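Participant: following is a predicted model, sequence given first.
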Amino acid sequence: MSKTSSKTMTRPQLSRSDIASLQADLDAVRDEVMQSLGASDVAHIRRMIRRARGSAIAGRAMIGLGFDPLTFLVGVAALAHAKIVENMEVGHNVMHGQYDWTNDPALNSQTYEWDNVCDAGMWRHFHNYEHHTYTNILGKDRDFGYTILRMSDEQKWHPFFLFQPIWNGILAAAFQWGVGGHDIGAERLLNGQMSWKEFKQRSKPFHRKIRRQLMKDYVLFPLLTFWNAPRVLAANFLANLIRNLWSYAIIFCGHFPEGTAVFSEAETQDETRGDWYFRQICGSANIEGGRAFHILSGHLSHQIEHHLFPDMPAHRYAEIAPKVQAICAKYGIAYNTASFWRQYGTVLGKVFRHALPSRRANPALSQA
Amino acid sequence: MTTALPIRLRDRALRSAWLHPFNDADAINDLLGSLNPRWSLTEVRAELVAREPQTADTVRLVLRPNRLWTGFVAGQHVTITVEIDGVRHQRVYSLSSDPADRRLLSITVKRQPQGRVSNWLHDHLHCGDVVTLSPAQGDFVLPQNHGPVLLLSAGSGITPMRALLYALRARGAGDVVLLHVCRDADDQIFASELAALASGWPGLRFVAWHTADRGRPALAELLATVPDHIERDTWLCGPAAFMADVEAHWQASGATERLRLERFGLAPTVIGSGDAAEVRCSRSERLFAAESGEALLPAAERAGLKPAYGCRIGVCRTCLCKKRSGTVQNLVTGERSSEPNEWIRLCVSSAQSEIELDL
């Protein structure tokens, strides 16, 4: 398949009236779910919170009190599972405001703080605002390539990207640190747009959160069972590493697989909600899997539905996915869904391919 | 006011970054709550122990709070939080029990037409169920010293009067009049308690005005039953129109310093299209006008306020703000909501009535 035909497939030309009726169709899908929210949705998220807590307690107990390799491995798995469920299904979704309608302070987007080094306030800014508003708009969505990876022909090449398979590996292993530092915008320090003073000021919440996380995983818990301290240190490090690799892999499958489109700032001015919906679908990709997989991914496996309705409780995405897919078919918009290995395979392919300079496919889209 | 030492230590421990995650209040409260629903580290939780129907549409709910309840002064109210179909709702009710009883408290709830919480409390709150309470609040209370007393109420406005009566009796007050307006004898809340109080306490005179027999009273006619009313220290609670009339009368007589009022939350009056609604900002103590159909964010900015914002299209929630009261409409979905203390997005919410924001 030639590059041009794949472009036309992912980004069909829709008339203004098509965009308007696309908006009405998707609004109807949203309204039906949002009007049916109730006790079962709250029960779901509270069950997830209990699952994460229970798993963390069991894991930390096995790590701290056990002596054998088996409790070490099971303990690490339980703690990694706890961190994954808490970060992905609870933290991410609560901080999106998916449960603000409950008026429960424990489920409030503005006060929730999650179990990783990224400060919740900084995350809400670059994620809820920058990424979800300007999804895949080059130059505005800093999540597209996370400022260190070139993931499409339209991004300007630089020799720095030659080594991006290495940057990609480092980011995968240290994902929480990448996410945690993202909102500081260190690239602006490097190209002289930010003063050292401003950089330090912007880093403060990150530093606070790092202290809190390191204290917990690498001081408090190792001290509590001091005779086992090396074992606890190693286990906590591994649990954080597993969570990093998992969340990295899921999140990279959201917007980077083959077939996801990018946009220019110029073409997205004066967008209607219909245009915005259209961009969210074209820029996102789903991963196929069962219910357990969806929960462990925080339902980011339904990235398309998540980007259409970021404040809808995520466990409802599976139920609306067939409707969204049917609407996409109606307007000839590609609904990008495939297995994890297929999606991640194409992401890795892009990491390698775009390390090398290439002709810009669409000069109109290119960054200055 | 100094807080007790255990409470101060608890609050310090809960704030400490060093103890995390052992000081996660939500987790501890969930754990305690699963052992006993009344237990909590931070919240007053109370179990319903009795329901006493007062009239066809009014019930007195007797609650047994946990040890975080510090009691109340007669005339005060509490905010009660209940969860209905996954959504937490808050309502304010006057405390109608004897303040000398530290073990039990009661609120008295009248069904409101379409009232989500009042009807739920009537139909779905069973003995053994647990609700969350705020500490007691309000200054509708007795001063250190007072002269002859008039308690003036209509309908469910009598609820704080019951607590005030217990407190007055405990003080040995010698000249108290309770003047109460309601439909008929069957509509009389606390009928048996009032009879018992009056029989054992010569200082109390109880005057009832039943509108079914005598019609809705003209104010002068009603007040003529207590000729020296303007000389008395007066506590007033009832429907808004009734209270406005009484207040105007006391103002005209230059006796407002002797009049204390307790207002119910009102159903907000919805503005017409093309009108502007008044928006009160409780934190900045500012006031601005928002046109109907206009988002609150630009209206606030026009007034010189600088609320946080991001996308301005309802996506990112940077402009999330607590609405204390009033009705707003979501400009994206068209949905209207009058729930007190709910979170709204300023960029896609328009005022449909007078509103108060935590801004």
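Facilitator: Looks like it came in fine.
Participant: check what pLDDT the nearest residue to residue A:196 once chain neighbours are set aside gets.
Facilitator: Using Cβ to Cβ, 6 or more residues apart in numbering or on different chains and skipping residues adjacent in sequence, the residue nearest residue A:196 is residue A:189, 7.2 Å away. In this view, the C-beta of every residue, glycine as well, is placed from N, C-alpha and C. What the model reports as pLDDT for residue A:189 is 93.
Participant: how far away is residue A:129 from residue B:44?
Facilitator: Look at residue A:129 and residue B:44: by Cβ to Cβ, to the nearest Å, they are 37 Å apart.
Participant: where in the chain is pLDDT low?
Facilitator: All of this is about chain A. A:1-10, A:360-368 (pLDDT under 70).
Participant: my question was about chain B
Facilitator: Judged by pLDDT under 70, the stretches of chain B that qualify are B:1-2, B:265-268.
Participant: show me where chain A has its strands.
Facilitator: A:286-287, A:337-338 (DSSP state E).
Participant: may I see the ones you listed organised as a markdown table, with mean neighbour count added?
Facilitator: Shown next, in a markdown table, are the strands of chain A (neighbours: other Cβ atoms under 10 Å in any protein chain shown):
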| stretch | mean neighbour count |
| --- | --- |
| strand A:286-287 | 24 |
| strand A:337-338 | 18 |
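Participant: make a markdown table out of these and add distance to residue B:314.
Facilitator: Converted to a markdown table, those look like this (distance: least, Cβ to Cβ, whole Å):
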| stretch | distance to residue B:314 |
| --- | --- |
| strand A:286-287 | 24 |
| strand A:337-338 | 27 |
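Participant: what's around residue 339, how many residues?
Facilitator: In the absence of a named chain, this looks at chain A. 12 (other Cβ atoms under 10 Å in any protein chain shown).
Participant: chain B, not that one
Facilitator: 20.
Participant: can you pull out the helices in the stretch 51-200 of chain B?
Facilitator: Under the criterion DSSP state H, counting those that start in this stretch, the stretch 51-200 of chain B contains helices at B:116-123, B:159-171, B:191-199.
Participant: no wait, the stretch 101-250 of chain A
Facilitator: So, for the stretch 101-250 of chain A - with DSSP H, counting those that start in this stretch - the helices run A:120-123, A:132-133, A:164-173, A:175-182, A:186-190, A:196-215, A:221-224, A:229-255.
Participant: Serialize these to JSON lines and add fields for mean neighbour count.
Facilitator: Compiled in JSON lines, these are given as follows (neighbours: other Cβ under 10 Å):
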{"stretch": "helix A:120-123", "mean neighbour count": "19"}
{"stretch": "helix A:132-133", "mean neighbour count": "21"}
{"stretch": "helix A:164-173", "mean neighbour count": "16"}
{"stretch": "helix A:175-182", "mean neighbour count": "22"}
{"stretch": "helix A:186-190", "mean neighbour count": "14"}
{"stretch": "helix A:196-215", "mean neighbour count": "15"}
{"stretch": "helix A:221-224", "mean neighbour count": "16"}
{"stretch": "helix A:229-255", "mean neighbour count": "20"}
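Participant: between those, which one is closest to residue B:79.
Facilitator: Closest to residue B:79 of those is helix A:120-123 (Cβ to Cβ; 27.1 Å).
Participant: run through the neighbouring helices and strands of that closest one.
Facilitator: helix A:175-182, helix A:196-215 (3 or more Cβ pairs under 8 Å, 6 or more residues apart in numbering or on different chains; DSSP states H and E).
Participant: contacting residues for the nearest residue to residue A:91 once chain neighbours are set aside?
Facilitator: In space, and not counting its chain neighbours, residue A:91 is closest to residue A:114: 3.2 Å by Cβ to Cβ, 6+ apart. Contact partners of residue A:114, counting by Cβ atoms under 8 Å, 6 or more residues apart in numbering or on different chains, are A:86, A:87, A:90, A:91, A:92, A:95, A:120.
Participant: and those residues, which of them are buried?
Facilitator: Neighbour counting by 16 or more other Cβ atoms under 10 Å in any protein chain shown classes A:86, A:87, A:90, A:91, A:92, A:95, A:120 among those as buried.
Participant: for the fifth one, give me its contacts.
Facilitator: So the one you mean is residue A:92. A:114, A:298, A:300.
Participant: closest one of the residues you listed to chain B?
Facilitator: Checking these against chain B with Cβ to the nearest Cβ, the nearest one is residue A:114 at 11.5 Å.
Participant: tabulate the contacts of residue A:92 in TSV, adding columns for distance to residue B:112.
Facilitator: Below are the contacts of residue A:92 laid out as TSV (distance: Cβ to Cβ, whole Å):
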residue	distance to residue B:112
A:114	40
A:298	40
A:300	43
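Participant: what's the closest non-adjacent residue to the most centrally placed residue in chain A?
Facilitator: Centrality entry for chain A: nearest residue to the mean C-alpha point is residue A:251, 4.3 Å, by Cα atoms, centre = their mean. In space, and not counting its chain neighbours, residue A:251 is closest to residue A:300: 6.6 Å by Cβ to Cβ, 6+ apart.
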